Each structure stands twice: as structure tokens, then as C-alpha cells.
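**Student:** build the 3D model from these lines:
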Amino acid sequence: MADFLTDKPAKLERAFLVGVQTPEMPAGEAAELLAELRELVENLRIQVARAELVNLRRPTPALLLGSGKAEELVALAKAEGADVIVFDEELSPAQQRNWEELSGLAVIDRQEVILEIFADRAHTREAILQVALARMEYSLPRLTRAWTHLSRQRGKGAMGGEGETQLEQDRRIVRDRITHLKAELAAVVRQRDVQRRRRQRVPVPTCAIVGYTNAGKSTLLNTLTGAHVLAADKLFATLDPTTRQLALRGNQKLLVTDTVGFIRRLPHGLIEAFKATLEEVVIADFLIHVLDVTSPHFEHHHATTLGVLAELGAAGRPIITVFNKVDAATPAMLARARQLEPGALRVSARSREGLEALEERCLERIAEAHAVTELMVPHSRYDVIARLHAVGHVQSEDQLEDGVRLIGRYPPAQAAFFAPFVVP
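**Tutor:** As a prediction, the model looks like this:
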């Protein structure tokens, strides 16, 4: 798990989890988060030895918890044979260092677990760069954890100036690497912009599938479009956006993009690092927000996704809310879903239940963005008719003596091209 920045063992096997309930949190929320942390840790193939929930009235600067409670937890962790303590609450670099000195064990928090899962899932160049950048920026203020010999000095030479400590050198190395990663990522982003502009030359309506991790977004994309995107029952199976074309009724085309899943307490550095990827969400004509109706916590998942969308600047995008996995839902689950979002659709990406209604709702969103227009096109201008079929949607087409009468829609960007043929 560790890289050169830490002295944690490379392979952690047994984890002791610590959840924290504060007075500001709703009753039971810490227990929900602790259950989610267990799933996160198990996704790293680390066995959870034990989980403890702590009520915290007032945090302390040194250890977050009081020293007596900290010593009690360390004793429990060692009794369980744990080699890592994992906090659901964010630890400051100083708190993390103090816990490691107190326990003699590796100590990490939820943010570091999520970063490690992202690193494990990253396969494309862009995802690898984004995760590496987020990990470097997270590690920079924590470098002192890696060195117990901070007083050691290096003399003047190729590795640094006179009196430069090992820690200062490492900080300089990490800052240089962050600069290098940002430059590499900028080049990848420019390439993505080129690909996006190429798609926009033939403007087709776009939507992005968003939602909490493991809600079934990739399965929905596969079922709708016939794509073969990895759809695994694990957290953050998708890190790279995948865009596929969906043919709706009347040959209306729609570009659908699957995006990285969200989660509560998602590290801000990851949101920043993945902003280039998540731009697909901001520029989409509308969003499909997928919720797992079988999750006991979908209300929190709903709020988390809307919060991340707001942070990305996509809060104003039109949204189609979809409750997925209804084939496995109980009447009580469906009643809770209706209470949260009365107008939401209920679908099953696996059994295809409700997908026709979803496609109709997509057509409605496209119609709202692109007004229906009547055109009269001379028989000599079949290129105009072909263009409307390619970039828009044709509702009807009638062959008349003086031309072809069409009723259809096209993107606003194409208005100037079709303007000479619009019937007033």
C-alpha cells in the first residue's frame, strides 16, 4: 500500500476501524459511515479485525480523541492482531504522526483509504496521473511520518544545498513531482478537449450518468447502449469516463457518458484532480442521477451526489433521477424512494424493467432543449435532409411537389444552417 513517502508496511493485512460520532452528526450517522468504511477497507483486500464507534464531545489537537481513549483503542487493536488503525474521521498530519508513535502501528484515515482504492482502479494514463497527483498533494504535509531521523543533515553537493535536511530534500522532490504531474495532466486534458471538440462538430445531445459509487451506473450504460464497460460489484469500478451512443425512438441519437462514482467524505484533492474527467458532467445537456434503491442509505447518497455536483458547478443541470435495482427492492424500499423523489423513475439495469420510460424521459429532455421546427427543403437539397437526420431528430417527413416537408429538432448550434429552410 505504501510508497516511498511513508514507512508503513507494504502489505497491510488486519485493520482496526474507528468511527467517530460527534454532537453535530445526526444519530446513527457515524455507524452508517463506519459500515461504509468497512466496505472501503475490504475493497483493498484487508481483513477487518474489529470496528469501534467512539462518541466524541470535543476533539483534541494531539490525537483527536482523549489520551485515555486513545490508549484503550491501541490496546484493543493490538489484542486483535491489527497492523493498521483506520479512522473514519479525517486526521491532521500531526494527529496521524502522534497515533503512529503511540501505537507503533500504521495509522490511516478514510481519505487515504479512498486514495488507495483509486490508485488500485486506475488503468488509463489520465486516471493514473490524476490519482498520482491527488496522492502526492495528500502526502506532502505528511512527509515527516517517513523520517525519524529529521535532524540528519546532508552536506553541500549534488543532492542539495548546505545544511539541507533529508526532509527538506524529500519535500522538494515531491513538489517537483507535483509540478511535473500537473504538466502531464494538462497535456492529457488538451487531448480530451480535442476529442470533445471533434464530437461537437456533429452536435448530438449529451447526457452524463452520475451517482454514488456502486449504484449500477456502468450496468445501466451497458444495458442502454450495448456497450461492454466494466460493471463490477465493487466501489469505484469506473474511474475513466466512457461515452457511448444511444439510438432512441425515431433514430434520435444521444451520447451517454458514464462517470466516476461519488462517496461521502470524498477527498477534496480527488475532486480537484478529477475535475478534467468530471467536466463531462458540467457540459452535458442533462444528467441521469442513479440511486441504488436497495441501499439503506440512499437518502445520504442522494445528498452527497447533489453536493459534489454543486462543487463541480453542475448544480443547475437538468436531472433525471432514477432508482435502480427495483427487481431486488421491497415495497418498503420503493415507498422510501417515492417519498424522497416522487417523480423519479424506477428501473432495473439488469432486467431492463423501466428502461423504455427512461428513454422516453430522455427524449423529453432533448425536446425541451431543442424546439420542434417545421422545415421545407427543395428536392435539390437532400444534403440538408441528411444533415437533420445526422445531427437532430426527424419526427415526420413528407414528399411534396415543391420539396420535402419535415418536422423535427436540431441543436441550437445548427440554427444558422437550417434557418433558410424554416417555415415561418
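
**Student:** low-scoring stretches of the stretch 101-250 of the chain, by residue?
**Tutor:** Within the stretch 101-250 of the chain, the ranges that satisfy pLDDT under 70 run 144-164, 192-193, 195-203, 227-241.

**Student:** show me the strands in it, by range?
**Tutor:** 106-109, 206-211, 242-247 (DSSP state E, counting those that start in this stretch).

**Student:** of those strands, which is nearest residue 186?
**Tutor:** Across those, residue 186 has its closest neighbour in strand 242-247 (21.3 Å, Cβ to Cβ). Placement of C-beta: from N, CA and C, glycine included.

**Student:** what comes into contact with the closest one?
**Tutor:** Contacts to strand 242-247, defined as Cβ atoms under 8 Å, 6 or more residues apart in numbering, come from residues 199, 204, 218, 221, 224-227, 229, 253-258, 280, 359, 362.

**Student:** that older thread, out of the strands of the stretch 101-250 of the chain, flag the one nearest residue 50.
**Tutor:** With Cβ to Cβ as the criterion, residue 50 lies closest to strand 106-109 of these, at 15.2 Å.

**Student:** does the nearest residue to residue 421 once chain neighbours are set aside count as helix, strand or coil?
**Tutor:** Spatial nearest neighbour of residue 421, chain neighbours left out: residue 375 (4.4 Å); criterion: Cβ to Cβ, 6 or more residues apart in numbering. Using DSSP: H, G, I helix; E, B strand; the rest coil, the structure places residue 375 in strand.

**Student:** who's in contact with residue 375?
**Tutor:** 384, 388, 405-408, 418, 421-423.

**Student:** out of these, which are buried?
**Tutor:** With burial judged by 16 or more other Cβ atoms under 10 Å, the buried subset of the contacts of residue 375 is 384, 388, 406, 408, 418, 421.

**Student:** so which of the residues you listed is the closest to residue 52?
**Tutor:** Among those, residue 408 lies closest to residue 52 (Cβ to Cβ), at 62.4 Å.

**Student:** chain neighbours aside, what residue packs nearest to the closest one?
**Tutor:** The shortest distance from residue 408 to any non-neighbouring residue, by Cβ to Cβ, 6+ apart, is to residue 394 (4.3 Å).

**Student:** what's the answer for residue 100, then?
**Tutor:** Setting aside the residues directly before and after it, residue 100 is nearest to residue 107 in space (Cβ to Cβ, 6+ apart), at 4.9 Å.

**Student:** okay, the one you found and residue 94: tell me how far apart.
**Tutor:** 12 Å (Cβ to Cβ, to the nearest Å).

**Student:** quick one: the helices in the stretch 151-300 of the chain?
**Tutor:** All helices of the stretch 151-300 of the chain, identified by DSSP state H, counting those that start in this stretch, fall at 166-201, 217-225, 268-273, 275-283, 298-312.

**Student:** what's the angle from the first one to strand 206-211?
**Tutor:** Counting by axes from the mean of the first three to the mean of the last three Cα atoms, to 10 degrees, helix 166-201 points 140 degrees away from the direction of strand 206-211.

**Student:** so how far is the one helix or strand residue 387 maps to from its chain's centroid?
**Tutor:** Assigned by DSSP states H and E, residue 387 belongs to helix 382-391. Centroid separation for helix 382-391 versus its chain: 37 Å, with Cα atoms, centre = their mean, to the nearest Å.

**Student:** same question for stretch 67-75, mean pLDDT?
**Tutor:** Here stretch 67-75 scores 95 as its mean pLDDT.

**Student:** same question, stretch 357-364
**Tutor:** Stretch 357-364 shows a mean pLDDT of 92 in the predicted model.

**Student:** just to revisit the earlier point, residue 88: which of the buried ones among the contacts of residue 375 is nearest?
**Tutor:** Once Cβ to Cβ is applied, the member of the buried ones among the contacts of residue 375 that ends up nearest residue 88 is residue 408, at 53.2 Å.

**Student:** three-state assignment of the closest one?
**Tutor:** Assignment for residue 408 (three-state DSSP): strand.
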